[in-house]
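Next input, structure requested:
(4 chains)
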There are 2 protein chains.
Amino acid sequence: MNVFDAPGITAVGLLYEVHAALSTRFAAQFEEHGLSTVEFEVLTRLARSPQNQLRMTDLAAQTTLSTSGVTRVIDRMERDGLVTRRACPSDRRSSFAVVTTAGLQRLNEVLPGHLRIIEEWFTGQLDPESLKALVGALRRVRDAVHPCATAGSDSKCDETKEPEPTA
Amino acid sequence: MNVFDAPGITAVGLLYEVHAALSTRFAAQFEEHGLSTVEFEVLTRLARSPQNQLRMTDLAAQTTLSTSGVTRVIDRMERDGLVTRRACPSDRRSSFAVVTTAGLQRLNEVLPGHLRIIEEWFTGQLDPESLKALVGALRRVRDAVHPCATAGSDSKCDETKEPEPTA
DNA sequence: CGGGGAATATTGAGCTGGCTATAGTTGCTT
DNA sequence: AAGCAACTATAGCCAGCTCAATATTCCCCG
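Prediction:
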């Protein structure tokens, strides 16, 4: 009847609802372990990077934060002992954020519950074919609207840009 | 090999990526018309409500904002002439937010482009069967993790809680 | 070499939203 | 009928983020 019932609106609305529900649930579990969502994201990104480290700029590119946002979240996490800063030997402008053993341990405390929630709230709700269809459709959309897609052969978008882990 | 390649992580990561890409694109278009994402969401919610109005509390329940957040966004939108406050005749504690004709006009300026972006970035990337599968899967997850689902027969979750329009 | 433009991280200023307290209102209960 | 608990909107305070400005460093090109 009205525009708000358009199929596209419904689909996007569902996507937003699921995203919001998952985000809220994830955040609640992160908080049980004294982490915010961005802190978990930073830990994850660092832990899956070579030598458990990433330049501030690259960390910003892999998260939803600006570079100044990264500076501040690393400030907090360094204060809490989860990461440290390390000067880049080859470029004195850059500095690395390195996850500490305490940071890795914190991540290991959080991950099992995180995976359990994903299973309980998301993947476990779908039979394998539906999940495969969902992932396939999302991947197609992602590939089509990926920042690289619109920027053409932008070299900034190299293969190191992985799907965001969960946050 | 490592935990980050678990299927659930990949699926959630894709969901987050698509959500982030759409959010960013939507926000850019909203900004062309001088609206923020929450302002668009408020306009949409009001416009699809009876008499173009909603109590502050109900508006908060239908958005991602707290009640004080709603107070403030309505402050800004009232200042910009998009909505007005109206006292509730039957309950002097409540007040309605009512969308003005200027607000409706602004919404009508934004919506066509919004729908076009949804088509271009999302639904248009999928063949009809894939889109149907995607919507079906999302709906199943949504129904399973919907706030009402965990709260049991919580009367606060009535049928007026629709899928979020797009933001 | 050496200068100008790009890149990098950080800081300050400002905006936005949540949490909590508060004041006013309602309606139930005894 | 009175009191009390719940509800409603708002204001104060604070956390976290982005944007713009800044200082330092790198690189390219003459």
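
Apart from its neighbours in sequence, what residue is nearest residue A:107?
residue A:43 (4.7 Å; CB to CB, 6 or more residues apart in numbering or on different chains). Placement of C-beta: from N, CA and C, glycine included.

Check residue A:85 too.
Closest to residue A:85 by CB to CB, 6+ apart is residue A:95, at 5.1 Å.

can you check residue A:27 too?
residue A:37 (5.1 Å).

per-residue pLDDT, the one you found?
Residue A:37 carries a pLDDT score of 97 in this model.

In contact with it, which residues are there?
A:23, A:26-27, A:30, A:167 (CB atoms under 8 Å, 6 or more residues apart in numbering or on different chains).

again, but for residue A:136
Applying CB under 8 Å, 6+ apart to residue A:136 gives the contacts residue B:130.

you'd agree it is in a helix?
Yes - counting by DSSP: H, G, I helix; E, B strand; the rest coil, residue A:136 falls inside a helix.

Against residue A:118, how distant is it?
18 Å (CB to CB, to the nearest Å).

same deal with residue A:34?
For residue A:34 relative to residue A:118 (CB to CB), the value is 20 Å.

The helix or strand hosting residue A:85 and DNA strand C, are they touching?
According to DSSP states H and E, residue A:85 maps onto strand A:83-87. Yes - residues of strand A:83-87 are located near DNA strand C by CB under 7 Å from any atom of the strand, namely residue A:85.

Between the contacts of residue A:37, which sits nearest residue B:58?
Of all these, residue B:58 sits closest to residue A:23, with 22.3 Å by CB to CB.

Spell out the secondary structure type for the closest one.
helix.

what about stretch A:39-59, near DNA strand C?
Yes - Stretch A:39-59 is in contact with DNA strand C by CB under 7 Å from any atom of the strand, via A:55-57.

Identify the residues contacting residue A:47.
A:99, A:103-104, A:107, B:4.

any weak-confidence spans in chain A?
A:1, A:147-167 (pLDDT under 70).

Could you list the residues of it in contact with DNA strand C?
So far as CB under 7 Å from any atom of the strand goes, chain A lies against DNA strand C at A:55-57, A:60, A:67-68, A:70-72, A:74-75, A:85, A:88, A:91, A:93-95.

same for DNA strand D: which of those are within range?
Among the residues of chain A next to DNA strand C, DNA strand D is touched by A:68, A:72, A:91, A:93 when using CB under 7 Å from any atom of the strand.

now the residues you listed as a markdown table including neighbour count?
Shown next, in a markdown table, are those (neighbours: other CB atoms under 10 Å in any protein chain shown):
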| residue | neighbour count |
| --- | --- |
| A:68 | 10 |
| A:72 | 12 |
| A:91 | 9 |
| A:93 | 9 |
